[in-house]
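**Q** build the 3D model from these lines:
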Amino acid sequence: MVDSEGSSSVVRLAPEVTSGIGESPFWDLSLDALVWVDIASQEVRRIQLQTGQYEAWPVGQHIGAVLPRASGGMVVALGDGFGALDPVDGSIQLLAPVDVGDFNVRLNDCQCDRVGRIWGGTEGQPLHSARLYRLEADHSLTEMLKGVSVSNGIGWSPDDRLMYYIDSPERRVDVFDYDLGKGEIANRRPFVIIPSDFGIPDGLCVDEAGMVWVALFGGAALARYTPAGELDTKVAVPALNVTSCAFGGADLSSLLITTASTGMTAIQQAKYPDAGGLFVYHPGVCGKPPTAYAG
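**A** Here you go, the predicted model:
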C-alpha cells in the first residue's frame, strides 16, 4: 500500500543555502553537522544545523561526492581520482587515480560499506563507457562493473548481504548479493523498475528496517521500497530535482535531502522556488550511521 504524503511534511533547512547540484549528503557525527557537495560550484559544504555555522571548501575541479575518513578529514571523488580533503587548510591529496581512458567520464556518487571500503562509479559519454570501482583501505582500486552510464545510488541492507545500485539511465534500482568479507558482488538483478512518470532514480539510502529510499530526479519526490521491492511510501519534496538522501540528526531519525536547481525552465523555477535547497523529513524510522573510509 502506498501512503503518499504532501510536501508540507518536508521542511527546508538553512534557507540561505542553495546548491546548483546538491549531492552526496552525510551526517558528521562528531560535529552534528550535515556535509554535502555542490557539483555546480565545485565545493564541499558543511552546516551545523543547531548553530547555523556554515563552511565551504572550493576544490577547483569536478567533485562528485564526499565521505568521512577514519583518519580525519574527508574523502572526495574528483574527476579522475579519489582524494583526501584537509578541512583545516582545504588542501587535497590524491589517494587513488582512476584511469578514465579516452572517454569523457568522471567520478560521481560513492558510498562506504561497513568495513570502510569505498564503492564509487563514473558517469559520462558515450553511454555505457563508465565503470563501478571498489577502493580498499590501502588505496588499491579494483574495477567491479563495466558498461555503466551514470553510476549513482549505492547502499546495503542492514545485514550487509545485499548491495543496491543505480545506473540512472536504466531507470532501475538493481540489487547484488554482497560478500562483506571479500567485498564481492554477484547475481545482479532488478530490484525496482522506476516508472517514467516518477522521474529518474538518483541517490539512495537504506533505513534500519531495510527499506530503500530513492531520490527521484525530475520527480519532486522520494520513494521508499520494501525489501521485496514494493512501493511503500512516496513523499513529495518541494524541489523538482531530488538528488540524494541520508539519515542524520542526534538519533539518526531525520532523513536529510539534497536537491538541484540548475537546468530548470522559468516555469519550473516559478513552481519550485526552493529548488537547490536542503530539506528534512521525519519518516518514523532511523537510519544507519555513515561508515568512514578506512584508508
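
**Q** could you use CA atoms for every contact and neighbour count after this?
**A** Will do.

**Q** just the helices in the stretch 1-150 of the chain please.
**A** Using DSSP state H, counting those that start in this stretch, the stretch 1-150 of the chain contains no helices.

**Q** where does the prediction get shaky in it?
**A** 1-8, 102 (pLDDT under 70).

**Q** quick one: the strands in it, in order.
**A** For the stretch 1-150 of the chain, applying DSSP state E, counting those that start in this stretch gives strands covering 11-13, 22-28, 33-38, 43-48, 54-58, 63-68, 74-78, 81-85, 92-97, 104-112, 118-125, 130-135, 141-148.

**Q** can I get those strands in a markdown table with distance to Val242?
**A** A markdown table is the format used below for the strands of the stretch 1-150 of the chain (distance: least, CA to CA, whole Å):
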| stretch | distance to Val242 |
| --- | --- |
| strand 11-13 | 13 |
| strand 22-28 | 9 |
| strand 33-38 | 13 |
| strand 43-48 | 18 |
| strand 54-58 | 21 |
| strand 63-68 | 15 |
| strand 74-78 | 20 |
| strand 81-85 | 25 |
| strand 92-97 | 28 |
| strand 104-112 | 14 |
| strand 118-125 | 18 |
| strand 130-135 | 22 |
| strand 141-148 | 21 |
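
**Q** how about those, which one is nearest Pro290?
**A** Nearest to Pro290 among the strands of the stretch 1-150 of the chain is strand 22-28 (6.7 Å), distances taken as CA to CA.

**Q** relative to the closest one, what are the paired strands and their orientations?
**A** Sheet pairing of strand 22-28 (DSSP bridges) gives strand 33-38 (antiparallel).

**Q** what angle do the strand it pairs with and strand 43-48 make?
**A** 160 degrees (axes from the mean of the first three to the mean of the last three CA atoms, to 10 degrees).
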